[in-house]
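Q: I need the structure of the sequence given here:
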Amino acid sequence: MAAEMFLLVLLAMASSLAMASDPSQLQDFCVADMMSKVRVNGFVCKDPMVVKADDFSLSGLDMPGDTGKNNFGFNVTPANVIQIPGLNTLGISMVRIDYIPNGLNPPHTHPRATEILTVIEGQLLVGFVTSNSDDGNRLFTKMLKKGDVFVFPQGLIHFQFNPGHTNTFAIGALSSQNPGTITIADAVFGSNPPISDEILAKAFQVDKKTIDWLQAQFAKKN
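A: Residues are numbered from 1 along each chain as shown. Below is the predicted model:
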């Protein structure tokens, strides 16, 4: 009797784990209908009879992105469901990232995806920080050269920096059709409306004048 109960518990656990995973696709593809007003967790499917090969294609990742659009010297060229509607429900996307010398992709997270990054040209100093634990927030960092690969676990703060004297570019693959990006400094100091300077001053253990100055810098960007 005890053995039978133990088996039932194991089966129940296995069943609950199986139900907790992402559901399998129910068709070959579900090309996103960007014109639909219906809002779901993802995009509704376009009529398969009007789907074209172009729905699964994107050109231009061979071209460097404009690294002069920000003060950090980097550019992200996305290839997600917005650019490739055929990615809808497939759970993958990619990006091309370009960096000038001393270019930085500042600390950020992808709330919905793990990222695997491959350096195509140049070199990168990369790293990620673990979530809060009794051991603190551990930093894992490594210098990458051409052909090297590094993984950033889902949701963890990470960065890339080009310490070299030549341009660098990398390709990142992400485990979501729409991984999302939260740039930490932008979110904390550039929110609209702004987070109270009293709250941020206490959180960062600095005076309010410092917080006001930081918020003013991000207000200029907007």
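Q: For the protein, give me the ranges with low pLDDT.
A: 1-24, 220-222 (pLDDT under 70).
Q: ok, now with 80
A: Within the chain, the ranges that satisfy pLDDT under 80 run 1-26, 219-222.
Q: Tell me where this structure has strands.
A: 74-79, 93-99, 104-109, 115-121, 123-129, 139-145, 149-152, 157-161, 168-174, 182-183 (DSSP state E).
Q: and of these, who's closest to V206?
A: Nearest to V206, of all the strands of the chain, is strand 104-109, at 18.0 Å by C-beta to C-beta. Placement of C-beta: from N, CA and C, glycine included.
Q: Buried residues, the closest one. List them.
A: 104-105, 107-109 (16 or more other C-beta atoms under 10 Å).
Q: give the contact list for T166.
A: Contact analysis of T166 by C-beta atoms under 8 Å, 6 or more residues apart in numbering lists 101, 121-122.
Q: And for the residue nearest the centre of the chain, nearest residue in space, chain neighbours not counted?
A: Centroid-nearest residue in the chain: H110, 3.0 Å away (criterion: C-alpha atoms, centre = their mean). Nearest non-adjacent residue to H110, counting by C-beta to C-beta, 6 or more residues apart in numbering: P179, 4.2 Å away.
Q: cool, and D47?
A: D33 (7.9 Å).
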